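> sequence and predicted model, in that order:
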Amino acid sequence: MDTLQNMRVFSRVVEAGSFTAAAQSFNSTTGAMSRAVSELEAHLRTRLLNRSTRRLALTTAGERYLKRCQQILADVDTAEEEASGAHERPSGPLRMHSFASIGQHYVLPAIAHYRALYPEVTVELTLSQRIPDLFEGSADVAVIGASALPDSDLVSFPLGTTFSILCASPAYLAARGAPERPADLAHHECLILHTPAFAPHEWVLDGPNGSEMMEVDGPVQVNIAESLIVAIQEGMGIGMVPLYAAIAGLRDGTLVRVLPDYTLQKMNVYALYPSRKFIDAKTRTWVEFLRTQLPKVIARDEALLADMRQMDSAVGALPGVVAGLAEGITK
């Protein structure tokens, strides 16, 4: 028995005043309306309507039940409208998961701009270093970094590609010198960043001679890029830092890029969610927003890195230029 539908029929019969009028509004038959009310009465074990050939009248139990039915049916209609609206208008809580550093440098700034467009959306962001089980319902969408994704039933969208660079502090380089080629790393303290995306003790450097793999070890291992940066700034050694996390330190001089001809850990950034079917408006618009905005932010970071390297090259050339000018003057 479809209790909810029978409740709708019962309410409509009372409102219309007859089974025949109710049948017309449901595009059904009088017999079907009568059977629905009889099924409801049998289920409740009580009479709801007193019937005669001329009129219908509610019993005392029927009056009480009608009020409950009207309240329940109104709540159901509201719930259906809200659920349907979720596919049309972004609103309500959006539960996100992100790797910690990506979340801090990419996701949180994006949230600020996204909410300016969709202020009715509230955000619950969880940062961790694991890929969540989105099918268990812990999050609506995840933003992660990986060289590639394992096979799964999740829907994935690539948001861009970034990489890591090697950094040290000015104090460390003053004390130990800068490596000139990857093999020199064997004589330095190498700080380890342990993430789910890459083997922590294997640094694959992509540069002028192709890819060179170095086995590294060192005195400190962390699992968050921002913690690694603190260790580097304290002069503990050389560390491999994602570009998005390194930019600020490079700009303020607390980090110095090491082996600038090399990059490491090319990493794709993905948005993941459980299903293409019935995706709600807030998840859909959030993923679309990321697909539009994140490549621009990644390109901005790469342009900043190129500008800083160009400035470093110009500064490095200044002594030679000055010496040449001085020599010309003396002549």
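In hand now; what should we look at? Residues are numbered from 1 along each chain as shown.

> need the three-state assignment for Ala36.
With DSSP: H, G, I helix; E, B strand; the rest coil as the basis, Ala36 sits in helix.

> I'd say it and Val9 touch.
Yes: between Ala36 and Val9 there is a contact under C-beta atoms under 8 Å: 4.0 Å. Just so you know, the C-beta spots here come from the backbone N, C-alpha and C atoms, and that holds for glycine as well.

> what about the closest residue to Thr126 other than its chain neighbours, distance to Phe289?
Excluding the flanking residues, the one nearest Thr126 by C-beta to C-beta, 6 or more residues apart in numbering is His97, at 4.9 Å. Distance of His97 to Phe289, given as C-beta to C-beta, to the nearest Å: 17 Å.

> who's more crowded, those two?
Shown here are His97 and Phe289; by other C-beta atoms under 10 Å, His97 has more neighbours (24 against 18).

> need the next SSE after the helix or strand that one falls within, C-terminal direction.
His97 belongs to strand 92-98 when assigned by DSSP states H and E. Downstream of strand 92-98, the next assigned helix or strand under DSSP H and E is helix 100-102.

> what is the mean pLDDT for that next one?
The pLDDT scores in helix 100-102 average 91.

> list the buried residues for the longest strand seen in the chain?
The longest strand of the chain (DSSP state E) is strand 155-168. The neighbour-count check on strand 155-168 (16 or more other C-beta atoms under 10 Å) flags 155, 159-160, 162-168 as buried.

> check which element follows that strand along the chain.
Counting by DSSP H and E, the element after strand 155-168 in chain order, helix or strand, is helix 170-176.

> what sits up against the helix or strand that that following helix is followed by?
For helix 170-176, the following helix or strand on the C-terminal side (DSSP H and E) is strand 190-193. Outside strand 190-193, the residues that touch it by C-beta atoms under 8 Å, 6 or more residues apart in numbering are 200-201, 203, 216-223, 225, 228, 231-232, 236-241.

> kindly report the same for stretch 4-16.
The contact list for stretch 4-16 (C-beta under 8 Å, 6+ apart) reads 19, 22, 25-26, 33, 36-37, 39-40, 43, 48-49, 56, 58, 62, 65-66, 69-70, 72-73, 76.

> PyMOL command for the buried members of the contacts of strand 190-193?
Of these, the buried ones go into a single PyMOL selection, burial set by 16+ other C-beta under 10 Å:
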select buried, resi 203+216+218+220+222+223+225+228+231+232+236+237+238+239+240+241
